[in-house]
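Asker: generate coordinates for the sequence data below:
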Amino acid sequence: MTVYACAYDLENEDLCVPAAEKLAAIHRKYQAPATFFCVGRVVEKRGAELRRIFAADPLFDIQSHTYAHRMLRDHSVHGPAIPIEEMWVEIGKAADVLAEQFGVRPIGTRSGCGFEFGMKGERERLRIIADCGMEYISTQLRGPKETIPAPLTQPFTYADDGFPDLWELPAHGWHDNVLKGFTGHPTWFPPIYPFAGRTEPVRNAQEDFEAAQPWVDHAVAEGLTFVGLCYHPWSLYRLDPNCGTMDLLLGYLHTRGVEVVTYTELYRRVSGKT
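Answerer: The predicted structure is shown next:
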């Protein structure tokens with residue numbers, strides 16, 4: 001049965017607190033879990049406020065979005081990778097910060113921006129990721145030639161690179177900041193799926209939800225393991241200060257009987273580690 005893996009990339013220092021407050025309230029309304037992939041240097045500055053919002057609530061899973069949102073490998077849109085020694089900062093220091101602020105060391109990292117092939121072929125960088133204690137990463141977040149939206153790629157391991165216990169849990173669909181027209185990254189036309197093409201940004205929460213709904217419907221119809229769309233708290237809040245997109249989406253998932261899980265719970269299920 002298809003599950004919806006719910007995650008947010010928390011990376012904006014100014015809007016992360018009011019956006020997280022709205023999102024936490026919506027998730028408590030539906031008792032729906034969520035992973036917040038948090039940028040380390042943002043948590044260093046806003047940690048006390050974020051701790052108050054999440055309040056050790058088991059609904060909320062705090063994982064890493066790297067320390068400073070820098071490129072973990074070369075990116076055709078966003079530029080070259082950081083030097084390999086800086087991987088210890090982006091992965092290791094981020095984990096240290098989150099452990100200090102939230103009391104639990106993360107086991108998952110989502111990269112900044114994401115890549116067409118995730119971290120495939122980057123054996124030395126994968127070694128550092130594993131040595132920093134990561135058990136899963138979320139880096140395959142783009143379609144052909146680093147475009148958006150991203151296809152419905154399902155979980156896999158990096159066994160071919162020598163890391164059979166390190167899992168990749170991709171994200172799907174539009175990066176919502178792009179869908180909303182807040183950033184100007186390239187898109188892929190013709191779309192990978194007939195429902196994925198869009199020439200105009202969404203203008204309100206209803207349109208945002210209507211753009212997301214077909215991804216869920218398609219994943220369920222195909223019997224995929226999971227679908228997980230790429231959302232940013234700042235972007236949801238900027239479009240609608242009530243973050244109404246997620247109220248509509250979580251309500252829809254509830255009526256359809258689609259279970260909502262965190263990325264960490266998805267990892268546990270696909271890896272067999274309970």
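
Asker: which residues of the stretch 1-150 of the chain fall in helices?
Answerer: Ranges of helices within the stretch 1-150 of the chain are 16-30, 40-54, 87, 94-102, 123-131, based on DSSP state H, counting those that start in this stretch.

Asker: any regions of the stretch 51-200 of the chain where pLDDT drops low?
Answerer: Along the stretch 51-200 of the chain, no part satisfies pLDDT under 70.

Asker: try it again at 90.
Answerer: Applying pLDDT under 90 to the stretch 51-200 of the chain flags residues 55-56, 75-79, 145, 147, 183-192, 196-200.

Asker: in this structure, which helix is the longest?
Answerer: Secondary structure of the chain per DSSP state H: the longest helix is helix 205-222.

Asker: from the chain's centroid, how far away is that one?
Answerer: 17 Å (C-alpha atoms, centre = their mean, to the nearest Å).

Asker: now do it, average pLDDT.
Answerer: The average pLDDT within helix 205-222 is 98.

Asker: most tightly packed of the helices of the stretch 1-150 of the chain?
Answerer: Comparing the helices of the stretch 1-150 of the chain by mean neighbour count (mean count of other C-beta atoms under 10 Å), helix 87 comes out on top with a mean of 24. For every residue, glycine as well, the C-beta is placed using N, CA and C.

Asker: R46 and C16 touch, don't they?
Answerer: Yes - using C-beta atoms under 8 Å, R46 is in contact with C16, at 5.9 Å.

Asker: who touches both of those two?
Answerer: Shared contacts of R46 and C16 (C-beta atoms under 8 Å, 6 or more residues apart in numbering): none.

Asker: what count of nearby residues applies to the closest residue in space to E146 that isn't next to it in sequence?
Answerer: In space, and not counting its chain neighbours, E146 is closest to S76: 4.7 Å by C-beta to C-beta, 6 or more residues apart in numbering. The tally of other residues near S76 (other C-beta atoms under 10 Å) stands at 12.

Asker: now S76: how far from Y4?
Answerer: 30 Å (C-beta to C-beta, to the nearest Å).

Asker: could you do P214 as well?
Answerer: In terms of C-beta to C-beta, P214 sits 14 Å off from Y4.

Asker: and the biggest strand by length in the chain, how far out from the chain middle?
Answerer: In the chain, taking DSSP state E as the definition, the longest strand is strand 108-115. Put simply, strand 108-115 sits 7 Å off its chain's centre (C-alpha atoms, centre = their mean).

Asker: how about stretch 21-35?
Answerer: 16 Å.

Asker: now what about that stretch, what contacts it?
Answerer: By C-beta under 8 Å, 6+ apart, stretch 21-35 touches 5-8, 53-54, 57-63, 108, 233, 236-237, 241-243, 246-247, 250-251, 253-254, 260-265.

Asker: hang on, the earlier thing: in the longest strand of the chain, which residues are buried?
Answerer: G108, T109, R110, S111, G112, C113, G114, F115 (16 or more other C-beta atoms under 10 Å).

Asker: which one of the residues you listed is nearest to D131?
Answerer: T109 (12.5 Å; C-beta to C-beta).

Asker: which residues in the stretch 51-200 of the chain form strands?
Answerer: Taking DSSP state E, counting those that start in this stretch to define them, one finds strands in the stretch 51-200 of the chain at 60-64, 108-115, 136-140, 156-158, 163-168, 172-175.
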